[in-house]
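Peer 1: No sequence on hand, only this structure:
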């Protein structure tokens, strides 16, 4: 089993989200690769990048050398996704939504004939045979009757994007209320999330851990 962990932890060592990442690292088995979006920042889709991707995906033309350079990062990210059996996204909610850098990653890999197909006016995801998991923290609470569900543009969009590219399953383990709850309640939520991560990893096919 091959697992790709894609993480964005802007608070570094002070990140609460890091605790979920560490729990996953401690329980996952198999070949694990990590992609730090702070070190591998996705480029925005400029007109030149968009035109090159359109030329290749929609007109079927080969790219010249300079165009290949323009989309090299897109192709690298897609190859990382294709090589994985499980893709784990780890990040905090920002301003009710996905952090810009995480959304930029999705924008970089959602490419016709690479991660989705469009046939007979129907979209079909191409990353089938894989599972996606998101480990997310949020300052507010967006679940339950008292949650701010109408303001959530993060959890909903994450699942929409994962489903669009064809992941067989798209799960989320979150700790919500990190800026609202007293320490004892917050600790209880983290402990519950860590148990969920442990159960998730135990359910995956066992393999030998390979450090990378």
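Peer 2: Looks like it came in fine. Predicted, not measured: the structure shown is a model, and the values here were computed from it.

Peer 1: which regions of the protein lie under the pLDDT threshold?
Peer 2: Applying pLDDT under 70 to the chain flags the ranges 205-212.

Peer 1: Which stretches in it count as helices?
Peer 2: 17-27, 47-58, 65-70, 72-82, 100-109, 155-164, 183-203 (DSSP state H).

Peer 1: what residues does stretch 44-57 touch?
Peer 2: 43, 61-63, 67, 70-71, 74, 104, 107-108, 111-114 (CB atoms under 8 Å, 6 or more residues apart in numbering). To be clear about C-beta, it is placed using only N, CA and C from the backbone, and glycine gets the same treatment.

Peer 1: circling back to that earlier point, in a markdown table, list the helices of the chain along with distance to residue 90.
Peer 2: As requested, those are arranged in a markdown table below (distance: least, CB to CB, whole Å):
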| stretch | distance to residue 90 |
| --- | --- |
| helix 17-27 | 5 |
| helix 47-58 | 26 |
| helix 65-70 | 28 |
| helix 72-82 | 15 |
| helix 100-109 | 10 |
| helix 155-164 | 12 |
| helix 183-203 | 11 |
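
Peer 1: and those helices as TSV, adding mean neighbour count?
Peer 2: Below are those laid out as TSV (neighbours: other CB atoms under 10 Å):
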stretch	mean neighbour count
helix 17-27	18
helix 47-58	15
helix 65-70	13
helix 72-82	17
helix 100-109	20
helix 155-164	18
helix 183-203	14
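
Peer 1: Please identify the buried residues of stretch 25-36?
Peer 2: 25, 28, 29, 30, 31, 32, 35 (16 or more other CB atoms under 10 Å).

Peer 1: Quick check: the two most widely separated of the residues you listed?
Peer 2: Across these, the longest distance by CB to CB is 19.0 Å; it joins 29 and 35.

Peer 1: Now find how far off-centre stretch 163-175 is within its chain.
Peer 2: 9 Å (CA atoms, centre = their mean, to the nearest Å).

Peer 1: about what we covered before: show me which of the contacts of stretch 44-57 is closest to residue 123.
Peer 2: residue 112 (9.5 Å).

Peer 1: what about the residue nearest to the closest one when sequence neighbours are not counted, distance to residue 120?
Peer 2: Using CB to CB, 6 or more residues apart in numbering and skipping residues adjacent in sequence, the residue nearest residue 112 is residue 57, 4.1 Å away. Note on residue 57: its distance to residue 120, by CB to CB, to the nearest Å, is 17 Å.

Peer 1: For the closest residue to residue 115 other than its chain neighbours, which residues are in contact?
Peer 2: Nearest residue to residue 115 in three dimensions, chain neighbours excluded: residue 165, at 4.3 Å (CB to CB, 6+ apart). Contact analysis of residue 165 by CB under 8 Å, 6+ apart lists 109, 110, 115, 116, 125, 126, 127.
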